[in-house]
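Novice: Predicted coordinates and the sequence they were generated for:
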Amino acid sequence: MLVLEKADVLSVIKWPYVDSMKVVQPDWIKEMFTAITPYYGQLRIGLGTLRDFYLPYVLLVISDGEFQRVQIEKINCTHCQSPWLSANPAIWDLYISVPNKDEAWEVALSRTQVKCPHCGQDPGRRSIWLGRILEAG
Ligand SMILES: [Zn+2]
């Protein structure tokens, strides 16, 4: 997994190649990057390899050098309706390019789920990170 700095993300959006290997879904990268920009550092864009191209993912930084693939979702807490940006690791498609999918899946399901910061209840999705929805720029 290639973990991108902000500047790398911007250049991939403009020119979807890294070392002459194609990066697919640059529009998706742009959309995700816009959503997570206020949190870039906690969340990163990563590129996994599949055959002869790069597939983009959003990664949650667990610790220095440890990342968890996540799906970013806009949710409303099922208890208090507060809107959040949620990071959900329990999406099977996230692991499509991982050599040991079953192990990656077990790790994903073992991640600690977070409570809604507003009401303290389970927000209704398998969220391992929640952030306020902030407009970038
Ligand atoms: Zn809540």
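Specialist: Sure, I can see it. Residues are numbered from 1 along each chain as shown.

Novice: List the contacts of residue 111.
Specialist: Residues in contact with residue 111 (CB atoms under 8 Å, 6 or more residues apart in numbering) are 62, 68, 89, 128. Glycine gets a C-beta too; all of them are placed from N, C-alpha and C.

Novice: can you do 6 Å?
Specialist: Residue 111 is in contact with 89, 128, counting by CB atoms under 6 Å, 6 or more residues apart in numbering.

Novice: helix or strand for residue 102, which one?
Specialist: Here residue 102 sits within helix 101-110, counting by DSSP states H and E.

Novice: do residue 71 as well
Specialist: Residue 71 belongs to strand 66-76, assigned by DSSP H and E.

Novice: Can you give the strand pairings for that strand, parallel or anti for each?
Specialist: Paired with strand 66-76 in the same sheet, following DSSP bridges, are strand 53-63 (antiparallel), strand 83-88 (antiparallel).

Novice: tell me which parts of this structure are close to the ion?
Specialist: With the criterion set to CB under 5 Å from the ion, the chain comes near the ion through 77, 79, 80, 82, 116, 118, 119.
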